[in-house]
Structure formats: C-alpha cells, structure tokens
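1. For reference, the sequence and a predicted model appear below.
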Amino acid sequence: MWSWVAPLFHWSFWVNPYTQPFSPWVDHLVLFFLVVLTLAPFGISWMRRRAKEKLIKRIWGRVFGVCLCAGLTGLVLYAITWQRIPVLGVRIFWPIWFLAHVSWALSIFLRARKMIPAARRAQLERQAYEKWLPKAKK
C-alpha cells in the first residue's frame, strides 16, 4: 500500500546524475502549480493597488516578489527536469526550491503579523497627540 513512499527514503532517489522524469499525474500537478505561481503576481499587483495603507502595499509587494520568484525559478527547474539535463535536474533541487520559498513567505507573514498592529497603534497614538496641536491657518 505504501510502496510508493519507500523510494523517498533512499539517497539515490534524490541525488542521481541522470534526471528522471516525474510520473504523469505529478508532472501535470507540478506544472499547474507553477503556472498558478507565475500568474499570481497579476492578482497580487491588483490587490496592492487597492490597498490604502503604505505598510500593506509594502507587504503585498513582498508577496509579489515571492510569487514571481517562485514561479519563474520553478518553471526553469521544471524545464531542466523536462529536458532531462544531467546533474542540473537532480530531484534534490525541488525540496530545496520549495523550502526556500516557503521560508521566505513565512518570514514575510510573521513580520507582517508583528508590524501591522504596531503601525496601527503608532498611528492611533500620533492622531491622539496631534488632535491637541494647533491647526494650520488657511
């Protein structure tokens, strides 16, 4: 039943100088995921333009960078694997690519989770302070 998992625990599966193709359903799934990642920046740029706050725009810009970089480097990696280029199409590059971009996205998420409430608190404090300052004469 779990015979398809057994090769994942062998070093020769991940590092083999001769590139092995994916199975057909995995090949289609990976290609679909990469195309979605490559097209996602269009939607993200729309979300970025709709954002009102400068910090939110900056965060959407970082997410744009992650998706664009992940999509383009993933398509290059897919093309290398599809062409079966020796050594460059080693399967170990796929988990490295995935973990690198997931860690990048996670760092953006964690930083945004900390920065957004702090920026909003600072803005409320600034507004509370500035309400007592004299207004500029017109």
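-> Everything's here; your move.
2. what's the spacing between the helix or strand of the chain with the lowest mean pLDDT and its chain's center?
-> The weakest-scoring helix or strand in the chain, judged by mean pLDDT, DSSP states H and E, is helix 11-14 (a mean of 78). Centre-to-centre, helix 11-14 and its host chain are 26 Å apart (C-alpha atoms, centre = their mean, to the nearest Å).
3. And stretch 94-108, by the same measure?
-> 7 Å.
4. Now do the buried residues in it.
-> Trp94, Trp97, His101, Trp104, Ile108 (16 or more other C-beta atoms under 10 Å). Any C-beta I mention is one placed from the backbone N, CA and C, and that applies to glycine too.
5. mind listing what's buried in the next helix or strand after the least confident helix or strand of the chain?
-> As assigned by DSSP states H and E, the chain's next helix or strand after helix 11-14 is helix 24-50. Under the neighbour-count criterion of 16+ other C-beta under 10 Å, helix 24-50 has Val30, Leu34, Leu37, Thr38, Ala40, Pro41, Ile44, Arg48 buried.
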